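1. sharing a model that was predicted from the sequence below.
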Amino acid sequence: MKPLIQLRRRSVALAAFALLTASGAGAQTIAWGTSSMGGLSYLVGAASAGVLGKHIKTVKFTAMVSSGSTENVRRIEGGEFQCGQPTADTAYVAFNGTREFKEPNKKLRFVANQWISPENVIVPRDSPIKTLADLKGKRITSTPGWGATIFAPALLEAAGLKKGDYEMIVLSGADGAASFRDGRVDAGMWAYGVPTATVSELAGAKNGIRFIPIDKTAEDAIKAKFPYWFVSKIPKGAYPGVTEDVPSMANNNVLLCSADVSDDVVYNMTKVMYQQAAEIKLSVPAAEALGTPAMAANPVIPMHPGAMRFYREIGLVK
């Protein structure tokens, strides 16, 4: 792992630990769902929570480790988390009660776009696999919930593969990376922002990695079925050995808060994340939407009134 990435991860983890152990007597608590500790979602959430706690003294923000998007929205709806970071399409289907959600999750409210997660499809550097179609008959790992049940199967279906043509090994990000590194799976399919520590570690390992591009045929099939996905890329130089841009599909990663969180609290949160975005990005540069007009663009579910008030003040929404 690059020393700079190690330093960033250590500083974010220390900030999160400080939040977890702070006394904060009398302060309102915002439990903020993220991902596994190695994931970009955790790093963004912990960095954001640290900056918010520094600027909003009346609220204690705690970044919570979770299994990711699906758990985050369910626990916001259930009142265990006040805020959380899912992918945009998980937010959409959860709010509307479709796909893996049997009932609408009506407490969910959009606050901000935070970063883009291109779909990372990786194989060992010396693997004979060159295309998505070459994954037929292979063992593939992806994360529980959205990753293994929606994202990976959708991409493989767009490439002409159906369930039964491959074996999906559902593991946490850390366990999936270990299985990939040890050669127990042939490929990893993860919706991760760029760069993310898990992929950086694999790219720097002895066997290295190679990204499988998403071709135009698969792009068109995905966009027809999932209009909230869009064309993106793994940029050149993002990881060791990536010498040119790799075409991919992407999904926004969003911050949601419960409708039960007060308008004033969400207003102040949104304002700090916009105005102090550079401070958050010192720890996590991948949080690219923060502090830009993209932060408020194209919400997939109703916007929280507190966030809307701030965006209206600065002219990002009418």
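-> Great, that's in hand. Numbering: from 1, shown residues only.
2. after the strand or helix carrying Glu157, which helix or strand is next?
-> Counting by DSSP states H and E, the secondary-structure element that holds Glu157 is helix 152-158. Using DSSP H and E, the helix or strand that follows helix 152-158 towards the C-terminus is strand 167-170.
3. show me what that next one pairs with in its sheet, parallel or antiparallel.
-> When pairs are called by DSSP bridges, strand 167-170 turns out to pair with strand 139-142 (parallel).
4. ok now the partner strand, how far from the chain's centre?
-> The chain centroid and the centroid of strand 139-142 are separated by 18 Å, computed with C-alpha atoms, centre = their mean, to the nearest Å.
5. contact partners of whichever helix or strand comes after that strand?
-> Toward the C-terminus, strand 139-142 is succeeded by helix 146 as the next helix or strand (DSSP H and E). Outside helix 146, the residues within contact range by C-beta atoms under 8 Å, 6 or more residues apart in numbering are 68-70, 86-87, 89-90, 100, 191. All C-beta spots, glycine's among them, are computed from the backbone N, C-alpha and C.
6. contacts for the helix holding Glu157, please.
-> Residues lying outside helix 152-158 but in contact with it, judged by C-beta under 8 Å, 6+ apart, are 119, 121, 132, 135, 140, 142, 162-163, 165-166, 168, 189, 214, 217-219, 221-222, 225-226, 249.
7. and stretch 215-234, by the same measure?
-> Stretch 215-234 has contacts (C-beta under 8 Å, 6+ apart) with 88-89, 92, 116, 118, 120, 131-132, 154-155, 157-159, 194, 211, 214, 242, 245-252, 300.
8. ditto for stretch 296-307
-> Outside of stretch 296-307, the residues within contact range by C-beta under 8 Å, 6+ apart are 88-89, 91-92, 95, 108-113, 228, 252, 254, 256-257, 259, 261-270, 311, 316-317.
9. mind checking which of the contacts of stretch 215-234 are in helices?
-> Filtering the contacts of stretch 215-234 for membership in helices, criterion DSSP state H, returns 88-89, 92, 154-155, 157-158.
10. pLDDT added to those, as TSV?
-> Conversion of the ones in helices among the contacts of stretch 215-234 to TSV gives the following (pLDDT from 0 to 100):
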residue	pLDDT
Ala88	91
Asp89	88
Tyr92	92
Ala154	89
Leu155	91
Glu157	93
Ala158	91
